[in-house]
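Enquirer: The following comprises the amino acid sequence and a computationally predicted model.
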Amino acid sequence: MKLGIKQKLSLIFFLFFLIFSGTVAILLVNVQRMVESTEAIVTKNNKIEELSENLMTSILEMDTHHKKLKVLKKDRYSEYFVTSKLSFETSLETVVLLSVSSDSEALWKEIDFSYKRHREGLWDHGTIPEIGQEWVTDQVVTFWVDRINLAKKINKEEIKEALWALNETSRVSAQNGLYGFCTSIVVGLFGLIFLSRAIFSPLKTLSRALLRISTDKKHQPITLKGGEEFCELAQAFNDMSLQLYEEETIRNEFIATLSHEIRTPLSSIRESVNMIVEEVFGPINDKQRKFLKISSVEIQRINKLLNHLLNVSVLESGVRKKSSTKITAREIVRTSSELFSSQAEKKKVTIKIKEPTKTMSLYGVREELQQVFVNIIGNAIKFSPESSLVSITWQASPNNSFIIFAVSDTGPGIAKDELSLIFTKYYRTKKVRGHLDGVGLGLAISKKIVTSYGGKITVVNNETQGCTFCFSLPTM
Ligand SMILES: Nc1ncnc2c1ncn2[C@@H]1O[C@H](COP(=O)(O)OP(=O)(O)O)[C@@H](O)[C@H]1O
Ligand SMILES: [Mg+2]
């Protein structure tokens, strides 16, 4: 049976509650038992101990007073005897009542029975013995003293046993409490691990899949373990991913076909315009030449855009059509910058190349590598203000397997919340959307190329003005 997250949570909570309340119940029962034992010791056994002391004194006093009465024949001993007798009898009565169901019960009853039997034949309850009246023999007194002593000893044993039992109960309670506590912690921990595995592992799979979608745009169905809820989530995700993938494929194919289809008639138009400008079909006037030049520039622009669009679809297919070659960093930076020399000159932008002393070489498809430099340097010049500086430098990565290039400008920079978006296809920052031309594909293409070589591309805003693009490309 497969349990959902809700059922799992309830099960763990129920187990935890069961163990916790069980521990508390056992502890309560033990505490109750301890209270009872303490009560018995305090109210019963200690009182019996006290009374047995009293009985011992009274019986010896009775014996002494009676003997003195017999020898000295003074009435006051008779009174003393009665006082001790009364104390003895009250104590005996109380002790017999108190000792019910205790170990010393039988002994106290025996003493009581023996005392009452002797008393019947000697003096009535409460009457003062007269001079010369008989008292029990010394053997009887010794018998009573022995019995009282024995009963006292038994009572003491009982106290000792009760204390032992109390000690044992508290020890067991402490142990049970500890076991219960440990078991609750273990169950809690297991529950936590179990739940976190049940929740976090599918969530991790999901977040990885989401990341894959946002970077590769590839459809890879996922399965999520961990109950009904996650199965539904996985299904929804797979449906969404498939739909995105299909839409993306259709869009790419459409763009590729369209660009291809437009390029052919565009070439004919360009050729025709060029032939007219070159006066192949007869002379043209200056005004005609001026407008034909404008047309030629615009045709070139459309051509560039179509190349960009086609480039994206080629890169998206992931197939590398040309073979890799070795090329020095110096050469690729210089040739790429030279492509922009007239544009830079127009804006009076200086391109400063800060070359490291050591010669370093890149390894890859020349056209692809160059495309990255053209896009990044082109942007730097395009977004630079008039009479400013674009600087280019590079250095080897710590493990020497990459060269890290840095291109900085003093343009408008990029707003913080747009930094992560500029590498997305067709994204152009709010600042430039309105006035500077472009389609927002250069950086997306550059990122595709750089990452396909295992490199990274990043951008940071400069402290004062503009921004710096850093990208790494592989060495030999
Ligand atoms: N050097 C730069 N300075 C400021 N913004 C830049 C720079 N480079 C790129 N960007 C921003 O990133 C966006 C995307 O760049 P890119 O993909 O080359 O497209 P495009 O150049 O066609 O606008 C640009 O529209 C611009 O908003
Ligand atoms: Mg660009």
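Expert: Alright, I've got the coordinates. Just so we're clear, the structure is a prediction, and the values are computed from it rather than from any experiment. Ligands and ions are numbered 1, 2, ... in the order given.
Enquirer: Angles on the backbone of Val100, please.
Expert: According to degrees, to the nearest 10, the main-chain angles of Val100 amount to phi -60, psi 130.
Enquirer: Quick check: it vs ligand 2, distance?
Expert: With distances taken as Cβ to the ion, to the nearest Å, Val100 is found 105 Å from ligand 2. C-beta here means a position set from N, CA and C on the backbone, and glycine is covered the same way.
Enquirer: Over to Arg208?
Expert: 31 Å.
Enquirer: same question, Ser324
Expert: Shown here: Ser324 relative to ligand 2, a distance of 25 Å by Cβ to the ion.
Enquirer: Tell me where the stretch 201-350 of the chain has strands.
Expert: Chain-ordered strands for the stretch 201-350 of the chain, with DSSP state E, counting those that start in this stretch as the definition, fall at 325-328, 350-354.
Enquirer: oh, I was asking about the stretch 351-476 of the chain
Expert: Listed in chain order, the strands of the stretch 351-476 of the chain (DSSP E, counting those that start in this stretch) span 361-364, 389-396, 402-408, 457-461, 467-474.
Enquirer: picking up where we left off before, Serialize the strands of the stretch 201-350 of the chain to TSV and add fields for distance to ligand 1.
Expert: Output for the strands of the stretch 201-350 of the chain, formatted as TSV (distance: least, Cβ to the nearest ligand atom, whole Å):
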stretch	distance to ligand 1
strand 325-328	22
strand 350-354	13
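Enquirer: need the contact list for Phe340.
Expert: Taking Cβ atoms under 8 Å, 6 or more residues apart in numbering as the criterion, Phe340 is in contact with Ile351, Ile377, Gly378, Ile381.
Enquirer: number of nearby residues for the second one?
Expert: Other residues near Ile377 number 23, with proximity taken as other Cβ atoms under 10 Å.
Enquirer: my read: it touches Phe383, true?
Expert: No. Taking Cβ atoms under 8 Å as the contact criterion, Ile377 and Phe383 are not neighbours in contact, 11.2 Å apart.
Enquirer: hang on, the earlier thing: ok, which of the strands of the stretch 201-350 of the chain comes nearest Leu369?
Expert: Leu369 lies closest to strand 325-328 among the strands of the stretch 201-350 of the chain, at 6.7 Å (Cβ to Cβ).
Enquirer: That closest one packs against which elements?
Expert: In terms of contacts (3 or more Cβ pairs under 8 Å, 6 or more residues apart in numbering; DSSP states H and E), strand 325-328 is packed against strand 361-364, helix 366-383.
Enquirer: Tell me which of the strands of the stretch 351-476 of the chain approaches ligand 2 most closely.
Expert: Closest approach to ligand 2 among the strands of the stretch 351-476 of the chain (Cβ to the ion): strand 467-474, 10.9 Å.
Enquirer: who in the chain is up against ligand 1?
Expert: Counting by Cβ under 6 Å from any ligand atom, the positions of the chain adjacent to ligand 1 are 375, 379-380, 383, 409, 411-414, 422, 428-429, 432, 438-444, 467.
Enquirer: filter these by proximity to ligand 2?
Expert: Filtering these for proximity to ligand 2 by Cβ under 5 Å from the ion leaves Asn379, Gly442.
Enquirer: What's the PyMOL line that selects buried ones from the residues of the chain next to ligand 1?
Expert: Here the buried members of the residues of the chain next to ligand 1 are turned into a PyMOL selection, burial being counted by 16 or more other Cβ atoms under 10 Å:
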select buried, resi 375+379+380+383+409+411+412+413+414+422+428+429+432+440+441+442+443+444+467
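Enquirer: What pLDDT does the model give the residue of the stretch 51-200 of the chain found nearest ligand 1?
Expert: Using Cβ to the nearest ligand atom, the single residue of the stretch 51-200 of the chain nearest to ligand 1 is Phe200, 36.3 Å away. Phe200 is assigned 85 on the pLDDT scale.
Enquirer: Using the three-state scheme, assign it.
Expert: helix (DSSP: H, G, I helix; E, B strand; the rest coil).
Enquirer: State the number of residues packed around Gln465.
Expert: One way to gauge burial is a neighbour count; for Gln465, by other Cβ under 10 Å, it gives 15.
Enquirer: ditto for Ile445
Expert: Summarising burial for Ile445: neighbours were counted as other Cβ under 10 Å, giving 23.
Enquirer: my guess is it contacts Val314, does it?
Expert: No. Using Cβ under 8 Å, Ile445 is not in contact with Val314; the gap is 9.7 Å.
Enquirer: Look up the closest residue to the residue of the stretch 151-300 of the chain found nearest ligand 2, ignoring the ones flanking it.
Expert: The shortest separation between the stretch 151-300 of the chain and ligand 2 is 15.8 Å, found at Gln300 (distances taken as Cβ to the ion). Nearest in space to Gln300, with sequence neighbours left out and distances taken as Cβ to Cβ, 6 or more residues apart in numbering, is Arg270 at 7.7 Å.
Enquirer: That neighbour contacts Ile299, doesn't it?
Expert: Yes. Counting by Cβ under 8 Å, Ile299 is a contact partner of Arg270 at 4.8 Å.
Enquirer: Tally up the residues packed near Thr458, please.
Expert: The local packing of Thr458 (other Cβ under 10 Å) involves 15 other residues.
Enquirer: Please name the residues that touch it.
Expert: For Thr458, the set of contacting residues under the criterion of Cβ under 8 Å, 6+ apart consists of Phe469, Cys470, Phe471.
Enquirer: do that again at 6 Å, thanks
Expert: Contacts were defined as Cβ atoms under 6 Å, 6 or more residues apart in numbering; by that measure Thr458 touches Cys470.
Enquirer: List the buried residues of stretch 45-54.
Expert: Residues Asn45, Ile48, Leu51, Ser52, Asn54 are the ones in stretch 45-54 that count as buried (16+ other Cβ under 10 Å).
Enquirer: Correction: the previous question concerned stretch 366-381.
Expert: Buried residues in stretch 366-381, counted by 16+ other Cβ under 10 Å: 366, 368-381.
Enquirer: now swap in stretch 210-225 and tell me
Expert: By neighbour count with 16+ other Cβ under 10 Å, stretch 210-225 contains the buried residues Ile213, His219, Ile222, Leu224.
Enquirer: For the stretch 351-476 of the chain, give me the ranges with low pLDDT.
Expert: Applying pLDDT under 70 to the predicted model, the stretch 351-476 of the chain contains no residue that meets it.
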